[in-house]
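Chemist: this one's structure only:
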């Protein structure tokens, strides 16, 4: 999301719009990681995340001429991808939450502390997955966008005040549920 | 559990790495999309020609209707009025269909 990347995006978009389809590969290479990760946070299924990201890239290619260049390409791309993910998840509900696939594969220097932290993180994510859709989306976008309210609200197409209110309610619910005991194992993603 | 722990759990999610062939798969679908798009371009020239012809006919009809004062021609003949009405309706229908098909093609 830095300046050189923005310049590269702009140059690739211009080439694609001029008829050079292969220039789109540059956009895919730069943004496949973020888009797949965002999709994964929505569906918690690696294969599905890739399918959703592929659809998001295809829509990006199809509607590339609608990017007006006044906002950063990344902002436009994430907003479009968020729309695709939300509409796909509305149509095909995920079967179950597969949180174990998201385990950090790193080599912990302190296995016990790392295991406890992992367990806490898994619990929180499981609870987030069980929240109503509007709260889950608000939390997902907010943390994915490095806690940037404006960027997250832009992706969801809602005012910043609305997002703040949803975040507040989502956190309250999370805290309440965390304080009331361990969650049910592997709930379905709530609607 | 405090807010920091929640923040940490959601902020520091492990990264998921796309499959090795993911970008190839995406580019394959993009190339197919580009090929389909080139194979069936929107017939702008036909649309332009049709619009120009319709405009010419409409203008001709209007000028004929506004022709001066011969007693017999003071009122435009009924067939001319009917033709103009049909022409306008057809033109409006064509424009609506063109708009709808572009919108449909953009969505699919």
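Modeler: Noted; the coordinates are in hand. Remember, it's a predicted structure, so these values are computed and weren't measured experimentally. Residues are numbered from 1 along each chain as shown, chains lettered A, B, ... in the order given.
Chemist: Which other helices and strands does whichever helix in chain B runs longest contact?
Modeler: Across chain B, the longest stretch assigned as helix under DSSP state H is helix B:78-107. With contacts taken as 3 or more C-beta pairs under 8 Å, 6 or more residues apart in numbering or on different chains; DSSP states H and E, helix B:78-107 sits against helix B:44-65. The C-beta positions use only the backbone N, C-alpha and C, and glycine is treated the same way.
Chemist: Residue numbers of chain B in contact with chain A?
Modeler: Counting by C-beta under 8 Å from any C-beta of the partner chain, chain B comes close to chain A at B:1, B:3, B:5-19, B:22-23, B:25-27, B:29-31, B:33-34, B:106.
Chemist: Tell me which of the residues you listed fall in helices.
Modeler: Those of the residues of chain B next to chain A lying in helices (DSSP H): B:3, B:5-11, B:22-23, B:25-27, B:29-31, B:33-34, B:106.
Chemist: what domains does the record give for chain A?
Modeler: Here the domain parsing of chain A from automatic domain parsing is A:3-91, A:99-179.
Chemist: Give me the distance between the last one and the centre of its chain.
Modeler: When distances are taken as C-alpha atoms, centre = their mean, to the nearest Å, domain A:99-179 is centred 11 Å away from the chain's centroid.
Chemist: what's near enough to touch residue 50?
Modeler: In the absence of a named chain, chain A is used. The neighbourhood of residue A:50, defined by C-beta atoms under 8 Å, 6 or more residues apart in numbering or on different chains, consists of A:36, A:39, B:18-19, B:22.
Chemist: other chain: chain B
Modeler: Contacts of residue B:50 (C-beta under 8 Å, 6+ apart): residue B:94.
Chemist: Let's have the domains of chain A in CSV, adding mean pLDDT.
Modeler: Output for those, formatted as CSV (pLDDT from 0 to 100):
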stretch, mean pLDDT
domain A:3-91, 92
domain A:99-179, 81
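Chemist: so of the ones you listed, which one's packed in deepest?
Modeler: Across those, averaging neighbours per residue (mean count of other C-beta atoms under 10 Å in any protein chain shown) puts domain A:3-91 on top, at a mean of 18.
Chemist: how far out from the middle of the chain is the longest helix of chain B?
Modeler: Centre-to-centre, helix B:78-107 and its host chain are 13 Å apart (C-alpha atoms, centre = their mean).
Chemist: Please, where are all the helices along chain A?
Modeler: Along chain A, the stretches classed as helices by DSSP H are A:3-17, A:24-43, A:46-62, A:73-91, A:111-129, A:133-144, A:149-156, A:160-179.
Chemist: Quick check: closest non-adjacent residue to the most centrally placed residue in chain A.
Modeler: Of all residues in chain A, the one closest to the mean position by C-alpha atoms, centre = their mean is residue A:38, 2.4 Å from it. Spatially, and ignoring its direct neighbours in sequence, residue A:38 is nearest to residue A:144 (5.5 Å; C-beta to C-beta, 6 or more residues apart in numbering or on different chains).
Chemist: measure that neighbour to residue A:178 for me?
Modeler: Going from residue A:144 to residue A:178 by C-beta to C-beta, to the nearest Å gives 21 Å.
Chemist: same check, this time on residue A:43
Modeler: Counting by C-beta to C-beta, the gap from residue A:43 to residue A:178 is 23 Å.
Chemist: Ok, residue B:4 next?
Modeler: Distance from residue B:4 to residue A:178, by C-beta to C-beta: 13 Å.
Chemist: ok, now residue B:31?
Modeler: Separation of residue B:31 from residue A:178 (C-beta to C-beta) stands at 48 Å.
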